[in-house]
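Student: Just a sequence and a predicted model for now, questions to come.
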Amino acid sequence: EKIENYGKIVHSEIVDISEENGSIETKSEWQTINGDPILEETTVFVFSQKGDTRIIDRRTNLVAITDVSFDDNKEGVFGVRVTRAMELPSKKPAIFVDAQGNPTEVKVLDNTGVNGNYLSSRGLEGNEVWGTRSEWVKLYSSMDDEPVSITIIDHPNNVGYPTYWHARDYGLFSANPLGQKVFSKGEEVLNFSLNKGESTTFNHRMLIHSGSVLKAEKIKEFTFTEDMYKSYFDGSDLSNWIIKTRRGEKKGTIVSEVNNNDNIWWSIEDGNLRVKSGPEEKGSTLWTRDEFKNFRVRLKFKFVDGNIDSGVFMRGSDEFNPQIQIGVSGSLKRDMTGSPYIPKKGYPKEAIKVADLLKMEDWNQMEAEAIENKYRVWFNGVFVMDYELEEGNLNGPVGIQLHSNRNMEILYKDIDIASF
């Protein structure tokens with residue numbers, strides 16, 4: 001590989017430096033091998049701090065000067081190279097290249113003081129992070145007995161979200177939203193492109209932390225998604241919802257709206273949404289008035305009594321929309337919380353770890369995400385499920401189910417939805 005075989009990004013100007021906002025705005029031009037311009041780049045860096053965490057936000061907008069193709073490639077979009085102490089210990093020989101491009105082979109590495117490790121939002125660690133998708137990845141270590149870490153966070157509106165990660169043990173740490181073929185072993189190929197005049201924007205956030213361990217639950221507070229949530233039930237009323245007696249028969253249909261005066265299933269008590277079967281056990285579904293394309297819903301629930309069979313409908317209730325189960329499956333006769341149920345198809349995939357995480361007599365938190373036809377679930381802070389529905393419906397409301405023919409009671413609270 002020689003540099004003359006590649007195009008280049010040429011910095012053209014510093015547009016603005018703001019001390020008040022802690023920001024720098026720059027312009028650059030992407031050029032071919034022959035120096036022909038193909039992309040105009042505008043990038044804004046914003047520097048801030050919260051407690052012991054320093055934050056770097058990078059927003060890059062690319063405008064196509066001509067038709068541009070980003071061939072599927074694993075070499076990355078947003079990345080860093082780190083000091084030796086943050087690499088993962090390795091016994092493998094390595095080749096190091098100096099500033100002049102001269103390679104030096106080292107057959108036996110000295111791992112003194114080298115103690116880095118990766119942690120992803122999916123709970124994977126070490127070399128298992130490489131080639132997997134996740135919302136964020138943290139590279140952490142200790143230097144001079146002080147905990148240090150670098151975390152890179154992906155944005156839900158970025159192309160390829162959640163990004164694959166090129167997280168190598170030798171200190172190359174990169175988010176790769178445009179490279180999917182290698183990481184998926186050929187199952188996914190992106191080949192993103194822009195026509196002349198079209199644009200795309202990449203947003204990434206980097207957290208630099210020292211002095212203490214930056215835990216996963218704290219990183220979550222810095223994610224872009226956290227700022228996008230809107231409350232759909234805060235314990236006061238159900239003005240954001242519509243009650244239906246049936247789930248719906250055909251794609252895109254939701255039937256039989258219930259007058260609030262006839263509602264016997266859904267009530268608010270002590271700031272909680274109480275869901276209880278009626279005497280005839282007909283069942284009911286509570287649907288958002290809003291419809292969603294890409295979104296994440298988070299809520300808390302607590303089992304109260306009976307044979308709990310509830311769940312969250314992701315954009316609808318027919319075979320084109322998964323329901324994320326909460327409680328016991330009527331067909332399987334066992335708890336399938338966190339797993340997707342597809343009408344006419346059953347449970348194509350079972351959530352992992354839920355049996356160990358589920359609190360039978362206390363509050364649980366679940367987050368369920370839909371990005372196009374891909375669905376992911378986190379349960380009590382742990383990633384437990386991902387699933388792809390080939391013919392998934394890509395727009396619709398969110399629903400909470402009270403299953404028919406069940407004598408049950410369950411509580412919900414703090415229902416928030418982030419729309420991307």
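Tutor: Nice, thanks for sending it over.
Student: and the residue nearest the centre of the chain, how far is that from residue 345?
Tutor: The centroid of the chain falls nearest to residue 135 when counting by C-alpha atoms, centre = their mean (4.1 Å). Distance, residue 135 to residue 345, by C-beta to C-beta, to the nearest Å: 28 Å. Heads up, the C-betas are built off the backbone N, CA and C, glycines and all.
Student: Same check on residue 352?
Tutor: From residue 352 to residue 345 the distance is 20 Å (C-beta to C-beta).
Student: When these two are compared, which one has more neighbours?
Tutor: residue 352 (16 against 11; other C-beta atoms under 10 Å).
Student: what about the nearest residue to the more buried one once chain neighbours are set aside, which helix or strand?
Tutor: Of all residues not flanking residue 352 in the chain, residue 384 sits nearest, at 5.4 Å (C-beta to C-beta, 6 or more residues apart in numbering). For residue 384, the host element (DSSP states H and E) is strand 382-388.
Student: hmm, back to that, hang on, the residue nearest to residue 352 packs against residue 354?
Tutor: Yes: here residue 384 reaches residue 354: they are 5.7 Å apart, a contact under C-beta atoms under 8 Å.
Student: Provide the backbone phi and psi angles at residue 168.
Tutor: Taking degrees, to the nearest 10, you get phi -90, psi 150 for the backbone angles of residue 168.
Student: tell me the contacts of it?
Tutor: Contacts for residue 168 (C-beta atoms under 8 Å, 6 or more residues apart in numbering) come out as residue 130.
Student: And the pLDDT for it?
Tutor: For residue 168, the model assigns a pLDDT of 89.
Student: what about it, distance to residue 125?
Tutor: According to C-beta to C-beta, residue 168 stands 14 Å off from residue 125.
Student: So, low pLDDT: which residues of this structure?
Tutor: 1-2, 94-101, 106-108, 246-256, 260 (pLDDT under 70).
Student: Now do the domain split for this structure, please.
Tutor: Recorded structural domains for the chain (assignment: automatic domain parsing) are 3-223, 230-419.
Student: Tell me which of those domains is the most buried.
Tutor: Sort these by mean neighbour count, taking mean count of other C-beta atoms under 10 Å, and domain 230-419 sits at the top with a mean of 18.
Student: pretty sure residue 25 is touching residue 41, no?
Tutor: No: judged on C-beta under 8 Å, residue 25 makes no contact with residue 41 at a distance of 11.1 Å.
Student: can you pull out the strands in the stretch 251-400 of the chain?
Tutor: 266-269, 272-276, 284-288, 295-306, 309-314, 323-327, 340-341, 364-371, 374-379, 382-388, 398-402 (DSSP state E, counting those that start in this stretch).
Student: and residue 257, which of those is closest to it?
Tutor: strand 284-288 (8.9 Å; C-beta to C-beta).
Student: In its sheet, which strands sit next to the closest one, and in what direction?
Tutor: strand 241-244 (antiparallel), strand 398-402 (antiparallel) (DSSP bridges).
Student: which residues touch the strand holding residue 384?
Tutor: 121-123, 133-134, 322, 338-340, 348-354, 357, 373-378.
Student: how about 6 Å then?
Tutor: With contacts defined as C-beta atoms under 6 Å, 6 or more residues apart in numbering, strand 382-388 is touched by 122-123, 338, 340, 349, 351-354, 357, 373-377.
Student: among these, which two are most distant?
Tutor: Top of the distance list for those (C-beta to C-beta): 357 and 373, 26.1 Å.
Student: Now residue 128: phi and psi?
Tutor: Phi and psi for residue 128, reported as degrees, to the nearest 10, are phi -70, psi -20.
Student: What of residue 6?
Tutor: Per degrees, to the nearest 10, the backbone of residue 6 is at phi -120, psi 150.
Student: how much space between it and residue 344?
Tutor: 51 Å.
Student: Over to residue 364?
Tutor: 28 Å.
Student: do the same with residue 21
Tutor: 53 Å.
Student: One more: residue 300?
Tutor: Taking C-beta to C-beta, one finds residue 300 at 30 Å from residue 344.
Student: Kindly report the same for residue 208.
Tutor: 50 Å.
Student: Kindly confirm whether my reading is correct that residue 165 touches residue 136.
Tutor: No: counting by C-beta atoms under 6 Å, residue 165 stays clear of residue 136, with 9.4 Å between them.
Student: top strand in the chain by residue count?
Tutor: strand 37-50 (DSSP state E).
Student: Run through the residues that contact residue 56.
Tutor: Contacts of residue 56 (C-beta under 6 Å, 6+ apart): 47, 206.
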